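Asker: what follows is a predicted structure for the sequence shown.
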Amino acid sequence: MKPETLVGLLYRATALLTSLPWPWLRNSADLLAWVWRRLDARESKVARRNLQLAYPELLPSQREELHRRILRTTARQAFETLRFWTRPHAENLVRLRERHGEPSYDAALASGKGLIVVAPHFGNWELLNQWLSSRGPIAIVYNPPDSKVGDAFLLRVRGADNIRQVRAEGPAVRQLWKTLKEGGAVGILPDQQPKMGDGEFAPFFGVQALTMTLVSRLAERTGATVLFAWCERTSADLEFALRVEPAPDGIADPDPVAAATALNAMIERIARRDPAQYQWTYKRYGARPPGSGEPNPYKVQTPA
């Protein structure tokens, strides 16, 4: 079967699933989260280890409660996203019950200096993508999945007239630089672990984490405005608040470690607004500083 045929079938199956009422989908997500915990699935193990690293001050019982909330929110976010992908953007954007900082985004875009949108994995970043495309053209950086069908599916469901999806590969930097120099906007998810050599170690929740330098390099070299943006969940009924805020001082520091530290500090501040809405199921601390002798924390068995 041709990849495009598989993508079409996958899209139709997803649309059929998400045509169910949201309370049904939410309950299905909660069941999935329960199964993750019951089986101690990968999502459960990674989230628990991250909480041990990032929140050592919590009692085990407190971490377990946060762990339960994280898995529930992660599962709901997945079902939310499938729903947003298969419904008109205008219908989805009605779910933004609050909008904070929207004028600052429009002003930065209209300035012609170029605009870098830094979007942490917090709340629902797919809804944020749709809001960004509603304000004008934007190039979004993404990590393509290994599967050609999966990649084609993402290109379809994330596609919109104003969205250009840029694969996070070597030529991406040149494309983003050109877009910014022409006064355009680019969107970057900043909290994925880069390859060694493409980042610097900087503290994130008190633990050294390999952190991308792409944001700081682009900002320093182009003079573009840098804004942080996210869609924060405000209820269990598909209600969100859009928030756009200026980047902290130091985000474009020529010292890459200082810039990475500023970047992580802002991501951490956002994540602490509601830790359950952050993507703790990602192996953020897998790479360890060279010469530190530290093992990969996800391969080390530790007590809760």
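Answerer: Received it, and whenever you're ready, just let me know what you need.
Asker: pLDDT wise, what is the most centrally placed residue in the chain at?
Answerer: For the chain, the residue nearest the mean C-alpha position is His121 (2.6 Å; Cα atoms, centre = their mean). Note on His121: pLDDT of 98.
Asker: flag the shaky bits of the stretch 51-200 of the chain, pLDDT-wise.
Answerer: Along the stretch 51-200 of the chain, no part satisfies pLDDT under 70.
Asker: mind listing the strands for it?
Answerer: 96-100, 115-118, 138-142, 163-167, 185-188, 199-204 (DSSP state E, counting those that start in this stretch).
Asker: so for Ala229, which of those strands sits nearest?
Answerer: Among the strands of the stretch 51-200 of the chain, the nearest to Ala229 by Cβ to Cβ is strand 115-118 (5.4 Å). Using the backbone N, CA and C atoms, a C-beta is placed for each residue, glycine as well.
Asker: could I get the CA-only coordinates of the lengthiest strand in the chain as PDB?
Answerer: Longest strand in the chain by number of residues (criterion: DSSP state E): strand 225-235. Extracted C-alpha coordinates of strand 225-235, given in PDB (Å, rounded to 0.1, in the frame of the first residue of the first chain):
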ATOM      1  CA  THR A 225      13.000  39.600  18.600                       C
ATOM      2  CA  VAL A 226      12.600  36.500  20.800                       C
ATOM      3  CA  LEU A 227       9.200  35.700  22.500                       C
ATOM      4  CA  PHE A 228       8.100  32.700  24.600                       C
ATOM      5  CA  ALA A 229       4.600  31.400  23.900                       C
ATOM      6  CA  TRP A 230       2.400  28.600  25.200                       C
ATOM      7  CA  CYS A 231      -1.200  27.500  25.500                       C
ATOM      8  CA  GLU A 232      -1.800  26.700  29.100                       C
ATOM      9  CA  ARG A 233      -4.700  24.300  30.000                       C
ATOM     10  CA  THR A 234      -7.200  26.100  32.300                       C
ATOM     11  CA  SER A 235      -9.800  23.300  32.800                       C
END
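Asker: which helices and strands does that strand pack with?
Answerer: When contacts are defined as 3 or more Cβ pairs under 8 Å, 6 or more residues apart in numbering; DSSP states H and E, strand 225-235 sits against strand 96-100, helix 102-110, strand 115-118, helix 125-135, strand 239-246, helix 256-271.
Asker: paired strands for the first one, with orientation please.
Answerer: According to DSSP bridges, strand 96-100 forms sheet pairs with strand 239-246 (parallel).
Asker: which residues touch the partner strand?
Answerer: By Cβ atoms under 8 Å, 6 or more residues apart in numbering, the list of residues contacting strand 239-246 from outside reads 95-102, 104-105, 123-124, 127-128, 131, 226-234.
Asker: list only buried entries from the residues you listed.
Answerer: Using 16 or more other Cβ atoms under 10 Å as the burial test, the contacts of strand 239-246 include 95-96, 99, 105, 123-124, 127-128, 131, 226-234 as buried.
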